[in-house]
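Trainee: generate coordinates for the sequence data below:
(2 chains)
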Amino acid sequence: DQQVKQNSPSLSVQEGRISILNCDYTNSMFDYFLWYKKYPAEGPTFLISISSIKDKNEDGRFTVFLNKSAKHLSLHIVPSQPGDSAVYFCAASSSGNTPLVFGKGTRLSVIA
Amino acid sequence: GAVVSQHPSRVICKSGTSVKIECRSLDFQATTMFWYRQFPKKSLMLMATSNEGSKATYEQGVEKDKFLINHASLTLSTLTVTSAHPEDSSFYICSAPSLTEDYTFGSGTRLTVV
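Mentor: This next block holds a predicted model:
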């Protein structure tokens, strides 16, 4: 039973355009959501997070939107750059020092 | 920012031997560390939660006697894969929540059992 779902295994976007990566969750106890970027054989790199009291958080080219009623969040990258090509993981946790639950990841390819 | 140092980054071992993976929090104290495993093209799956000074909590389906976790100090947690088999070959990553960073991750260990 997957609590965090990333239904698109891959996404291809042209350089300069917007990349939108989607994530759905089922556990209503989740109140903190994160996005990580990962290269093969490396640990995940934190990108951006959002708590359930917000519906939007922005950091430079990265914006995360949270729709609690739909249990859906998305990561927007604009403008997309070739260096953004990687696998992006959505993760969620509930309050306290609880472990993260990860989605299966979406491989983003930004084409020059 | 908070840094978790994980060693080794890559290890090849023979079947039947044991391998120890270390995770150190370099500039903060980690009372809790999480150990994940990633299969090829799969998500990161939580294996266990290690707690400083007490026994680790294992997820369902993870063999406690095979994956020994020790968290003897506030800055060091170790995962020992005992009597390794080829099916234990995987990518193992540790993570520690810190006060200032969001779930800092180690750089991962690629284990290959031959």
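Trainee: burial count for the closest residue to chain A within chain B?
Mentor: Relative to chain A, the nearest point of chain B is residue B:105 (3.9 Å; CB to the nearest CB). All C-beta spots, glycine's among them, are computed from the backbone N, C-alpha and C. Using other CB atoms under 10 Å in any protein chain shown, residue B:105 has 25 neighbouring residues.
Trainee: check contacts around it.
Mentor: A:36, A:43, A:44, A:45, A:46, B:4, B:93, B:94, B:95 (CB atoms under 8 Å, 6 or more residues apart in numbering or on different chains).
Trainee: just the buried ones out of these, please.
Mentor: With neighbours counted by 16 or more other CB atoms under 10 Å in any protein chain shown, the contacts of residue B:105 contain buried members at A:36, A:43, A:44, A:46, B:4, B:93, B:94, B:95.
Trainee: what residues does chain A have near chain B?
Mentor: A:34, A:36, A:41-46, A:49, A:89, A:91, A:93, A:97, A:99-105 (CB under 8 Å from any CB of the partner chain).
Trainee: just the buried subset of those, written out for ChimeraX, thanks.
Mentor: To isolate the buried members of these in ChimeraX, using 16+ other CB under 10 Å:
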select /A:34,36,42,43,44,46,49,89,91,93,99,100,101,102,103,104,105
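Trainee: all the strands of chain B, residue numbers only.
Mentor: Ranges of strands in chain B, per DSSP state E, are B:4-7, B:10-13, B:19-25, B:32-38, B:44-51, B:57-58, B:67-73, B:76-81, B:90-96, B:104-105, B:109-113.
Trainee: would you format these as JSON lines with mean pLDDT included?
Mentor: Shown next, in JSON lines, are the strands of chain B (pLDDT from 0 to 100):
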{"stretch": "strand B:4-7", "mean pLDDT": "94"}
{"stretch": "strand B:10-13", "mean pLDDT": "96"}
{"stretch": "strand B:19-25", "mean pLDDT": "95"}
{"stretch": "strand B:32-38", "mean pLDDT": "93"}
{"stretch": "strand B:44-51", "mean pLDDT": "92"}
{"stretch": "strand B:57-58", "mean pLDDT": "94"}
{"stretch": "strand B:67-73", "mean pLDDT": "92"}
{"stretch": "strand B:76-81", "mean pLDDT": "96"}
{"stretch": "strand B:90-96", "mean pLDDT": "93"}
{"stretch": "strand B:104-105", "mean pLDDT": "86"}
{"stretch": "strand B:109-113", "mean pLDDT": "95"}
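Trainee: need the buried ones among the contacts of residue B:105 in JSON lines (columns: distance to residue B:55).
Mentor: Output for the buried ones among the contacts of residue B:105, formatted as JSON lines (distance: CB to CB, whole Å):
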{"residue": "A:36", "distance to residue B:55": "28"}
{"residue": "A:43", "distance to residue B:55": "25"}
{"residue": "A:44", "distance to residue B:55": "27"}
{"residue": "A:46", "distance to residue B:55": "29"}
{"residue": "B:4", "distance to residue B:55": "21"}
{"residue": "B:93", "distance to residue B:55": "21"}
{"residue": "B:94", "distance to residue B:55": "17"}
{"residue": "B:95", "distance to residue B:55": "19"}
